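Engineer: predicted model follows, preceded by the sequence.
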Amino acid sequence: MGKYILKRLGVALVTFFGITLLAYILTSMMPGSPIDFIVSSNPHMTADQVAAMEEEMGLNQPVFIQYIKWLQEFLSGNLGYSYRTGNPVFAEILEKLGGTLLLVGASMVLSLVIAIPLGTAAALKPNSAFDYISSGLAFIGNSTPGFFAGMIFIYIFCVKFSLFPMGGMYTSPSNQTAADLIYHMIMPCSALALQQIGGYMRHVRSNMLETLGEDYIRTSKAKGLGRTRVVSVHGLRNAMIPIVTIVGMNIPLLIGGSVVTETVFSWPGIGMLMTTSINARDYPVIMGVTVVVATAVLVGNVLIDFIYCIVDPRIKHS
């Protein structure tokens, strides 16, 4: 197993540098530049001042040279400084990272808590009215874009019935309590979980149907074990093994969806920071967020592989 994990880490490392190179090239290809954003807020700058600023930032050099210099700084532990605020990129990301981790983690737990019982119940009663209704609702939820679900939630629960706040993490800086945080998190967490519930539910249902047809399940029933024990201990436990992999594969989608969700609900996370930085052509912050997201996704996938080996001892890696 050790050699397998080392091999996966090597592949993840190569993938990481490929992601950063591609992200830097695509960022440099965006219309406009950081200089345009700075000049728009200070229109009295002369052409000489603009040229001097471009040289100071290194924006007058070829993109590949800019990437090499950025990579050198990154390997030395420096993510640079924001063009927009002048603050260290690492500090800005660290300030927003907690909000994103909280939102993503809560939405993942919520989606699994809802999807596992529904998928199990649908598998126990295949082709029933409950199975058809739950599968239809899962399909609708899974196919609904995040921004559209967010706006629908805001219109129904915030505008029409005024049950929840439209955005933000707290009501005010002086009222930063756990209850107020949960109250503000319900809407974005539900919108983000909505896209995950359908996929998880379908996987749980199909895996449970396959597992319940195995010989050892029939043997357990023949021994006189209760239905609840057979389903929960023998059936669900084995059916959940592939779900571990599915959760790991959905981490990129979940983080990507958080960017849209945070923007719609004005949730102060790295997704909102990314959107603001893209609008301002703030290259260092864009690359910093890319590094954090890529690292989270790659490390998450490696950990999922490791957990998968532990959960299913039948797997042997050469």
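Structural biologist: All right, it came through fine.

Engineer: so for Arg281, what's the nearest residue that isn't a sequence neighbour?
Structural biologist: Nearest in space to Arg281, with sequence neighbours left out and distances taken as CB to CB, 6 or more residues apart in numbering, is Pro34 at 4.6 Å. In this view, the C-beta of every residue, glycine as well, is placed from N, C-alpha and C.

Engineer: next one: Ser143
Structural biologist: Among residues not flanking Ser143 along the chain, Gly198 sits closest, at 7.7 Å (CB to CB, 6+ apart).

Engineer: buried residues in stretch 151-165, which are they?
Structural biologist: Across stretch 151-165, burial judged by 16 or more other CB atoms under 10 Å covers 153-154, 157-158, 164-165.

Engineer: just the ones of those in helices?
Structural biologist: Of the buried residues of stretch 151-165, the ones assigned to helices by DSSP state H are Phe153.

Engineer: tabulate the buried residues of stretch 151-165 (CSV), appending pLDDT and distance to Tyr24.
Structural biologist: Shown next, in CSV, are the buried residues of stretch 151-165 (pLDDT from 0 to 100; distance: CB to CB, whole Å):
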residue, pLDDT, distance to Tyr24
Phe153, 91, 35
Ile154, 92, 35
Phe157, 91, 40
Cys158, 89, 38
Phe164, 90, 39
Pro165, 89, 37
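
Engineer: picking that back up, which secondary structure elements does whatever helix or strand the residue nearest to Ser143 lives in sit against?
Structural biologist: Assigned by DSSP states H and E, Gly198 belongs to helix 178-212. For helix 178-212, the contact count by 3 or more CB pairs under 8 Å, 6 or more residues apart in numbering; DSSP states H and E identifies helix 89-124, helix 129-143, helix 146-153, helix 237-239, helix 241-264 as packing neighbours.

Engineer: so which of the ones you listed gets nearest Thr211?
Structural biologist: Minimum separation from Thr211 across those (CB to CB) falls at helix 237-239, 4.4 Å.

Engineer: show me what the closest one is packed against.
Structural biologist: helix 178-212.

Engineer: related to what we said a few turns ago, among the helices and strands packed on helix 178-212, which is nearest Ala296?
Structural biologist: Proximity to Ala296 (CB to CB) singles out helix 241-264 among the helices and strands packed on helix 178-212, at 6.6 Å.

Engineer: so how far is the closest one from its chain's centroid?
Structural biologist: 4 Å (CA atoms, centre = their mean, to the nearest Å).

Engineer: before we move on, what about stretch 98-114?
Structural biologist: On CA atoms, centre = their mean, the centre of stretch 98-114 falls 9 Å from the chain's centre.

Engineer: repeat for stretch 106-122
Structural biologist: On CA atoms, centre = their mean, the centre of stretch 106-122 falls 17 Å from that of its chain.

Engineer: buried residues in it, which are they?
Structural biologist: Buried-residue list, stretch 106-122, by 16+ other CB under 10 Å: 106-108, 110-112, 114-116, 118-122.

Engineer: worst-scoring helix or strand of this protein, pLDDT-wise?
Structural biologist: helix 227-229 (a mean of 65; mean pLDDT, DSSP states H and E).

Engineer: distance to Pro284 added to the buried residues of stretch 151-165, as JSON lines?
Structural biologist: Below are these laid out as JSON lines (distance: CB to CB, whole Å):
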{"residue": "Phe153", "distance to Pro284": "34"}
{"residue": "Ile154", "distance to Pro284": "32"}
{"residue": "Phe157", "distance to Pro284": "37"}
{"residue": "Cys158", "distance to Pro284": "35"}
{"residue": "Phe164", "distance to Pro284": "35"}
{"residue": "Pro165", "distance to Pro284": "32"}
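
Engineer: of the buried residues of stretch 151-165, closest to Thr27?
Structural biologist: If you rank the buried residues of stretch 151-165 by distance to Thr27 using CB to CB, Ile154 comes first, at 30.3 Å.

Engineer: contact partners for the closest one?
Structural biologist: By CB atoms under 8 Å, 6 or more residues apart in numbering, Ile154 lies in contact with 166, 187, 264-265.

Engineer: before we move on, what about Leu102?
Structural biologist: So Leu102 contacts Met185 (CB under 8 Å, 6+ apart).
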